[in-house]
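[1] Could you work out the structure for the sequence below:
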Amino acid sequence: MAMLIRICDVNRRTSMIKAVPTYNNLKAKGNQYFNIIVDRVVLESDGTAIIEDEVVEICAKINSVFMLLSSEQSWVGRNEIIQIYETHQVETVENEPSPLAVPDETTEFIVENNPLPSTSVLPDEPTLQISTPKRKLTELEADDSLLDNIEMENNSNNNDSTKEVQTATTTTEDKNDASVVYQLATFKVDWNAISDDILQQLVECNKNKLNLQQNTYNRLTIQIVEQIRKISSKIPFKLFSRVALLATKKYPILQDTDDDGNLIGEGSLSFADKMRQSNNYIERVLRTKKTPSVPKGKSIAGVDISYQKSGNSFCSKNDLAALKRSSSNNLSEELLNSTSSFIRYKLDNTELKTLVKELPIIRSSKLLNYHFIAATQIDPSIFTTHFTEKREKLIKVTRKNRKQRESETLTDTEVFIRISNYLNEKFESMFMTFQEGTTLEEVKTNNMYPTILAFDEGDNNNSYYIQTDNTIVSQKVETIVNAVKLCLIVYFVYYLKYPVNLSKTLEFLQLYLLKLNIKESRVTPKKGCTPRKGVVALIKKLSKSNNRPDASEISDSEQQ
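    The predicted structure follows:
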């Protein structure tokens, strides 16, 4: 029976594998993961040799780490490595010039691989510290913001506010090593170290517009992460993002695109997140901080800056009177244009329940559509068009098992439910049904976020409304597709954040059906962000469906 087993090489680069716990299997995995011919298997902790399958299984059950060695390699304990490192540090310091020597201004200083703190203790004199000039990273085309990020993470690991002056024999921990910061900031993928078969498939897929095999994609990710981990295991996501962006530009087949060929964000989120997952799987970092289910505050992500600033309290008496007496059906374009700034001002500064009472016209679909277009430069009517065009594909791709029904028997509501379930969320959290005869005044919900209310009107007909904070904010619409579209419009016009329990579903509908590609998250704005990994994965899967052949399929057909 297969188990999760931890293995490492002589440099203690650790990998987690799934394999049957036998001696031969461990040797085979070593050949695959570390590119060495494994001759011996020992315990990483004390070097005990392992040769029997039963011993391998027992040690695996207690989470022991197996070190895989070639015939030229031998086990070395961690303490011996530290002693060797300290001896090297002492020899280096003895050959260094006096720290009080003043360097020449024209000399270039390059950070050594293992720098020591520059200190000098004089008798009966205060401690004098001389800091050497730092080389400008702009000369090396380093990412300054990445350096700041790495240094902040390194400094946060130190709990002591003060430190004693270190002696020449003290070792410098890797997390505070300036060379680590330097190397991470200037890291570039060594493509010569990537397996030839991976590079060959990348080139072929780019040339022939084929899909990259998942196994090749995984191996490429692991090999790049291993290159970064040779510098440090504490890797900020910003570095993964930078490396992924460069890699996807070099090989566009790695980019995130929808089924129309449009980039999702910068096109590199999936690859960056895949590298982060690979590194975190090794580190096994536990995250205990919980995100509140309903985020507070406003979100202006995706809203045009000029529209945000357009609010104005002025409104002529004639326009105000026209707003109050106009029905939702006879709103003129002239009136919408002349009152746009006033409506934005009221949306920003008036409590929702008060606003609806003062200006019932605020519920008009025509008015909401107008302000959505002004805010996003997107015509919301494309939502319905794209849903109709891509309905069959959505049903096919989001079908998780054979028990789920085929497209002929699915209603539009069930399609939205299936999409949400595929993303491990519940569409029912934003959708409520009521029996025939129920009135709007009788409906009370606990949802603070926009919720679709469906009222049975008999003869298989429904009417739909959008409610937020127990206030109806829309007119009646007659289809669930228009109701979902209107729900998204309300989020953007009222500057509402997506609730965490529905964020993937809403973000997918926004990206895939509205084609509204924004640079910030509507769940946690101001953090820079990007579409969530599950959303991007689903869009990529949809883009591959009935679109272009897989590389493995092409190779099989050529062989035949």
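
[2] Can you dump the C-alpha atoms of whichever strand or helix holds residue 15 in PDB for me?
    Element membership for residue 15 (DSSP states H and E) is strand 14-19. These are the backbone C-alpha positions of strand 14-19, laid out as PDB (Å, rounded to 0.1, in the frame of the first residue of the first chain):
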ATOM      1  CA  THR A  14      13.800  17.100   1.000                       C
ATOM      2  CA  SER A  15      10.900  15.900  -1.100                       C
ATOM      3  CA  MET A  16       7.600  14.200  -0.100                       C
ATOM      4  CA  ILE A  17       6.700  11.300  -2.300                       C
ATOM      5  CA  LYS A  18       3.900   8.800  -2.500                       C
ATOM      6  CA  ALA A  19       5.300   5.300  -2.900                       C
END
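
[3] same question for it, mean pLDDT?
    For strand 14-19, the mean pLDDT works out to 84.

[4] Packing partners of it?
    strand 3-8, helix 23-34, helix 269-283 (3 or more C-beta pairs under 8 Å, 6 or more residues apart in numbering; DSSP states H and E). Yep, even glycine has a C-beta here, placed from its N, CA and C like the rest.

[5] Show me the contact partners of it.
    2-8, 25-26, 29, 33, 65, 281-282 (C-beta atoms under 8 Å, 6 or more residues apart in numbering).

[6] can you rerun that using 7 Å?
    Contacts with strand 14-19, where a contact means C-beta atoms under 7 Å, 6 or more residues apart in numbering, come from 2, 4, 5, 6, 7, 8, 25, 29, 33, 65, 281, 282.

[7] follow-up on the earlier one: which of the helices and strands packed on strand 14-19 is buried the deepest?
    Of all the helices and strands packed on strand 14-19, helix 269-283 carries the top mean neighbour count, a mean of 20, counting by mean count of other C-beta atoms under 10 Å.

[8] now for that one, which elements pack on it?
    Helices and strands touching helix 269-283, by 3 or more C-beta pairs under 7 Å, 6 or more residues apart in numbering; DSSP states H and E, are strand 14-19, helix 214-229, helix 237-250, helix 533-544.

[9] Any chance of the ones you listed in TSV with mean neighbour count as columns?
    Shown next, in TSV, are the helices and strands packed on helix 269-283 (neighbours: other C-beta atoms under 10 Å):
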stretch	mean neighbour count
strand 14-19	15
helix 214-229	18
helix 237-250	19
helix 533-544	19
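
[10] do you know which of those lies nearest residue 466?
    helix 533-544 (22.5 Å; C-beta to C-beta).

[11] Tell me what angle the closest one forms with helix 269-283.
    Interaxial angle of helix 533-544 relative to helix 269-283 (axes from the mean of the first three to the mean of the last three C-alpha atoms, to 10 degrees): 130 degrees.

[12] pLDDT of helix 533-544, averaged?
    86.

[13] Can I get that helix in CSV? Just the C-alpha atoms.
    Extracted C-alpha coordinates of helix 533-544, given in CSV (Å, rounded to 0.1, in the frame of the first residue of the first chain):
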residue,chain,number,x,y,z
LYS,A,533,-6.2,29.8,-8.3
GLY,A,534,-9.4,27.7,-8.4
VAL,A,535,-11.0,30.3,-10.7
VAL,A,536,-8.0,30.4,-13.1
ALA,A,537,-7.8,26.6,-13.1
LEU,A,538,-11.4,26.3,-14.2
ILE,A,539,-11.1,29.0,-16.9
LYS,A,540,-8.0,27.2,-18.2
LYS,A,541,-9.8,23.9,-18.3
LEU,A,542,-12.7,25.5,-20.2
SER,A,543,-10.2,27.0,-22.7
LYS,A,544,-8.8,23.5,-23.4
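
[14] counting contacts, what elements does that helix pack onto?
    helix 269-283, helix 381-397, helix 503-508.

[15] Adding distance to residue 213 and mean pLDDT, write those out as TSV.
    Formatted as TSV, those follow (distance: least, C-beta to C-beta, whole Å; pLDDT from 0 to 100):
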stretch	distance to residue 213	mean pLDDT
helix 269-283	14	85
helix 381-397	19	92
helix 503-508	25	92
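
[16] will you turn the ones you listed into CSV that also has distance to residue 450?
    Conversion of these to CSV gives the following (distance: least, C-beta to C-beta, whole Å):
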stretch, distance to residue 450
helix 269-283, 26
helix 381-397, 15
helix 503-508, 9
